Each structure stands twice: as structure tokens, then as C-alpha cells.
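>>> No sequence on hand, only this structure:
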């Protein structure tokens, strides 16, 4: 059957060792389709012209063993009732399609749509504080009326709290995992994964059945989480970790990134504070901030900017930025740095402090405007 043969070829493309999603797309483009790549006997000459494909990769592509592995995987997909979408399929997630390194193939077990009207990634530390746990629960609860799908990685800490809270409040939730769909890591979260699949959620992966848990799979998994979502929210994070990688990728995809601030002395908030300080994330304190930022609030429910009667007790450098915003209205951070002749790190730190104090507000596109008199949007 032609359709089945094409599915096997799509799987074989995704299973080629050392090729990667970008080169895989180049192969399909140069060869005129995925079927030609594995069926055309004269394909070798075309493959030699594909950028990034050398002799070693050529041998991998021509190895017939990959087709046998792909046939085995296709049988498992059918037997287990797993959804499989290829990057050229019309039902491939449209948000993910916009990412240049999106997976060639994505598998999903469960009913949740991979193309929901609204999708929010919630990530953070695996060892949250009690405050962080509470913030995560309140965040998901506050998003309940929006109908947003909650996406995370099924890991310890913030991930699993986000999934379980979504299940409790009736929101769809998708776990993107770093292994095949025939297993669950960590094992303690198996019951939650099953509940997600049984209800309105799903578990998704780009890896075929039998793929083990491996630390090297997590950065690749994180790009899928970022790519599936409208925005990524970091609840708590140390100075390093997967949640910061996800935030960096989301910024690279030009998606909204948000973070909850924490105490400067708390190492589990260091990552979040740094994201905000460097203007890599929008500061949020609750779900309403998220809904407002994403323009998901009903028109009657929007927050009005805090009106300050006077700007007093400003530092001299803060006053310089305020004067620029008063004269020019909404201004992006690059223009503020240019006009004030300040390094971006210094300007971002001053703006963060003034945002805390209600003097300025951050706007989409890394822009700022005054909250008080003379603050034109």
C-alpha cells in the first residue's frame, strides 16, 4: 500500500543517525520527496549535492537496515494506537512548523489537540520551594477560564505540579518526554501520564518506541515544548537548568517568555531574576498578568496601568530614562540605550527596578512606557 510505504519512509528519514531535522528537510527538498529518497536507485548523485551530506551520512542513508527499523516502528505505532504526524502533513502543529529545527516526526498518545487555540508552557526547577509550588498551582488555576492547554515535560518539581493542577481544574495538558512512548520517566509519574492520556491530555515525543531515557535527549525535548506554545512561563529556576534552556529557545523562536521574580538571596529564583533583568522575560506575578500580556483577557477585564501622581525619589540614571519615555512615549530598550548612552545591562536593571515600583510598564517587543503623568503608549 502506497500510504503505508510513505509512512515507513517518513519514519526512516526521522531515524537516520547524525542527519538532524534541518538536513532531513534538505534531503527531501533535493530529492523531490521522501519516497524518492528511499526508492530511487539513482538517488546517490543527488545526495552528493545536498549541503551537509558527506560520505559518512551518505552511507547511513543508503543503509537498508534503516528501512527495517522504520517498518518495525510503523507496526508499533499502529498496534499501540499512537498518532504520528510528519512535518509536511497538514495536521502537523502549526506553531511547531514555524521552528526551523522542528522534529521531522512527532508521536502523540492521547486526545489533546497539538494545535489548541491557546498553549502555555510552564517550566521550572525540579526542587521548588513551597512558595514556588503554590505559585505554579495558582498560575494554572488562574488560567482555567482561558481554556489554554498546559504543556510541560513530566519532570519532577514544577513540571508535574503544572500537569496535575491542569488535570484537577479540567485544562488539557500535554507532556513532551525525552524517550519513546512505551515508557515513562520518572516512573513515579506513570499514573499521572496515564490519567492525561485517558482524559483530555496527551504524552508526546519525537523519539521512536524503545528509545531510552538519556540526559542528552532533554535539550532536544525542550525545543518541542517551546515550539508548541504561544508563551513559556518559568516559575522558579536556579542559575542553570533545562527551564532556562527552554526559555532561551522560546526567545529564539520569537515567542513570549515570562518569569516569576523571587528574592535576590534565593538561588532557586536566580534564573528567573536574571531572565527579567536581562530583558529576556516579562515579569509576571499571577495568571492575570499572563492573560493580559497575551491579550487573552475579556475586554472588560483588562488591567489599567497604575497611575502615579509623581515620580519622586528616582536615581539620576532612572530620571534620564523617565525623561526619554516622557518625551517619546513607548520606546524599545535598544532606543533607550542609544538615547541615554547606557549599556543594555545597566538600562535593563534600572527599568526592572522602576517596573517593580510601578514607574514604568513593559510592553510586547521589549518596549517600555511610563505608568504616570506624561506616559504616552
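Thanks, I have it. No experiment lies behind these values; they were computed from the predicted model shown. Numbering: from 1, shown residues only.
>>> Show me where the stretch 1-150 of the chain dips below the pLDDT cut-off.
41-42, 44-46, 48-49, 52, 54-56 (pLDDT under 70).
>>> the strands in it, which residues?
83-86, 105-110, 119-123, 149-152 (DSSP state E, counting those that start in this stretch).
>>> which other helices and strands contact the last one?
In this case it means strand 149-152. Applying 3 or more Cβ pairs under 8 Å, 6 or more residues apart in numbering; DSSP states H and E, one finds that strand 149-152 contacts strand 119-123, helix 158-169, strand 173-176. Glycine gets a C-beta too; all of them are placed from N, C-alpha and C.
>>> quick one, which of the ones you listed is nearest to residue 81?
Residue 81 lies closest to strand 173-176 among the helices and strands packed on strand 149-152, at 16.8 Å (Cβ to Cβ).
>>> for that closest one, packing partners?
With contacts defined as 3+ Cβ pairs under 8 Å, 6+ apart, strand 173-176 has these neighbours: strand 149-152, helix 158-169, helix 190-198, strand 202-205, helix 218-227.
>>> try 10 Å this time
Strand 173-176 is packed against strand 105-110, strand 119-123, strand 149-152, helix 158-169, helix 190-198, strand 202-205, helix 218-227, with contacts defined by 3 or more Cβ pairs under 10 Å, 6 or more residues apart in numbering; DSSP states H and E.
>>> Leaving out chain neighbours, which residue sits closest to residue 210?
Leaving aside its chain neighbours, residue 210 sits nearest to residue 180 (5.3 Å; criterion: Cβ to Cβ, 6 or more residues apart in numbering).
>>> show me the contacts for that neighbour.
By Cβ atoms under 10 Å, 6 or more residues apart in numbering, the contact list for residue 180 reads 73, 76, 82, 107, 205-213.
>>> relative to strand 105-110, how tilted is the longest helix along the chain?
Criterion DSSP state H: the longest helix present in the chain is helix 65-80. Using axes from the mean of the first three to the mean of the last three Cα atoms, to 10 degrees, the inter-axis angle of helix 65-80 relative to strand 105-110 is 20 degrees.
>>> Low-confidence ranges, the stretch 201-350 of the chain, go.
Across the stretch 201-350 of the chain, the ranges flagged by pLDDT under 70 are 299-312.
>>> can you pull out the helices in it?
218-227, 242-252, 270-277, 287-293, 316-328, 333-340, 344-356 (DSSP state H, counting those that start in this stretch).
>>> Turn the ones you listed into TSV, columns for distance to residue 102 and mean neighbour count.
Shown next, in TSV, are those (distance: least, Cβ to Cβ, whole Å; neighbours: other Cβ atoms under 10 Å):
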stretch	distance to residue 102	mean neighbour count
helix 218-227	6	22
helix 242-252	11	23
helix 270-277	24	22
helix 287-293	25	19
helix 316-328	38	16
helix 333-340	29	16
helix 344-356	30	18
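>>> can you count the residues close to residue 173?
31 (other Cβ atoms under 10 Å).
>>> surely residue 61 meets residue 19?
Yes: here residue 61 lies in contact with residue 19, judged by Cβ atoms under 10 Å, at a distance of 7.6 Å.
>>> center of this structure - which residue?
Closest residue to the average C-alpha location of the chain: residue 226 at 1.1 Å, with Cα atoms, centre = their mean.
>>> In this structure that one contacts residue 249, no?
Yes: under the contact definition of Cβ under 10 Å, residue 226 touches residue 249, with a separation of 4.3 Å.
>>> any common contacting residues for the two?
99, 232, 255, 257.
>>> Determine which two of those residues are furthest apart.
The span of these, defined through Cβ to Cβ, is set by 99 and 257 at 14.8 Å.
>>> before we move on, the earlier item: could you check the pLDDT of the residue nearest to residue 210?
Note on residue 180: pLDDT of 96.
>>> do residue 159 as well
98.
>>> burial of it, as a residue count?
Using other Cβ under 10 Å, residue 159 has 28 neighbouring residues.
>>> I figured it hits residue 225, correct?
Yes: counting by Cβ under 10 Å, residue 225 is a contact partner of residue 159 at 9.5 Å.
>>> How is the protein divided into domains?
2-80, 119-299, 305-370 (automatic domain parsing).
>>> Turn those into CSV, including distance to residue 95.
Formatted as CSV, these follow (distance: least, Cβ to Cβ, whole Å):
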stretch, distance to residue 95
domain 2-80, 15
domain 119-299, 6
domain 305-370, 17
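>>> ok, and which of these has the densest surroundings?
Comparing those by mean neighbour count (mean count of other Cβ atoms under 10 Å), domain 119-299 ranks first with a mean of 20.
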